[in-house]
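1. Could you look at this predicted model? Sequence included:
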Amino acid sequence: MARFLGRLFGPEPEKRPLDRDTVNEALALLRDGRKVEAIKVVRMRTGMGLVEAKNLVEDMEAGRPVPFAPDPGNSLADRVRELLDQDRRPEAVTMVARETGMTDDESARFVDSLDR
């Protein structure tokens, strides 16, 4: 049966992690009232199914944190340390929460636990 469906619909799209650029583009489209286009961007760039992409975009629209893959070569901890060096702790906590899906309290504990 799986082989039949594979021939009928083609191979499954390759799943890729959600990255910062995709999230930023989807948020910009949402701000312009273009939710359908935001869902299409997420699906195209990640290989997510329709329901999964729709739920993710609705989470963004509602202001819920959406975890996404960090930029290559620049870990979350390193970026948090950079913000802390600039005395920007609230922004560091928000960034951790947004990228990991942690609560604000969990993110604050993570930020405070880092060595500088």
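-> Sure thing, it's come through. Quick caveat: nothing in here was measured; it's all calculated off a predicted structure. Numbering: from 1, shown residues only.
2. What does residue 49 show for phi and psi?
-> phi -80, psi 170 (degrees, to the nearest 10).
3. how many neighbours does it have?
-> The number of residues packed around residue 49, counting by other CB atoms under 10 Å, is 13. C-betas here are computed from N, CA, C, even on glycine.
4. Report how many residues lie close to the closest residue to it other than its chain neighbours.
-> The spatially closest residue to residue 49, leaving aside those adjacent along the chain, is residue 43, at 7.6 Å (CB to CB, 6 or more residues apart in numbering). The burial count assigned to residue 43 is 18, neighbours taken as other CB under 10 Å.
5. State whether residue 43 is indeed within a helix.
-> Yes - under the criterion used here (DSSP: H, G, I helix; E, B strand; the rest coil), residue 43 sits inside a helix.
6. wait, isn't it in contact with residue 53?
-> Yes - assessed by CB atoms under 8 Å, residue 43 is found in contact with residue 53 at 4.5 Å.
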